[in-house]
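In: Predicted coordinates and the sequence they were generated for:
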Amino acid sequence: MSRKNKIIYWVATIWLALGMLSTGAVQLFGMKEEVEMIQHLGYPQYLLLILGISKISGVIVVLAPKFSRLKEWAYAGFFFTMAGAIISHLAVNDPITKILPCVLLLILITVSWYFRPLERKLTT
């Protein structure tokens, strides 16, 4: 793997981890703004606990060495979570300012996954 690709991977992965960790924490702790947002989107409040635990667990797996199969699941979970968030915000006609953070995280997920080093890829 080239030095340039390693830098791209680690920059995207660190930003992804920070984004998922911070949103996961506020969801896990059920902050007022998050409760209002999840209700605005039409989902039950307990979904915040599930999302928070899933995001924090996913960050741990993505950053940990080895566990290639779990990494694939974590990336897939992140991808579907952010795609679902984008669709949910679009469904309730939220402004673009509510959608852009989800789009940014979706881009970071894709870049991190694409540029991951060989030892972090699932090999057959």
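Out: Perfect, thanks for sending it. Residues are numbered from 1 along each chain as shown.

In: contacts and neighbour counts: CA atoms only from here.
Out: Noted.

In: Now do T81: how many residues are near it, please.
Out: 17 (other CA atoms under 10 Å).

In: An error on my part: the question was meant for T13.
Out: The number of residues near T13, taken as other CA under 10 Å, comes to 23.

In: helix or strand right after the helix or strand harbouring it?
Out: If you go by DSSP states H and E, T13 is part of helix 3-28. Remark: after helix 3-28, the chain's next helix or strand is helix 32-40, criterion DSSP H and E.

In: how many degrees apart are that next one and helix 3-28 in direction?
Out: 90 degrees (axes from the mean of the first three to the mean of the last three CA atoms, to 10 degrees).

In: G52 contacts G19, doesn't it?
Out: No. Under the criterion of CA atoms under 8 Å, G52 is not in contact with G19, lying 11.9 Å apart.

In: More neighbours: which of the two?
Out: G52 (22 against 19).

In: confidence score at that one?
Out: For G52, the pLDDT comes out at 97.
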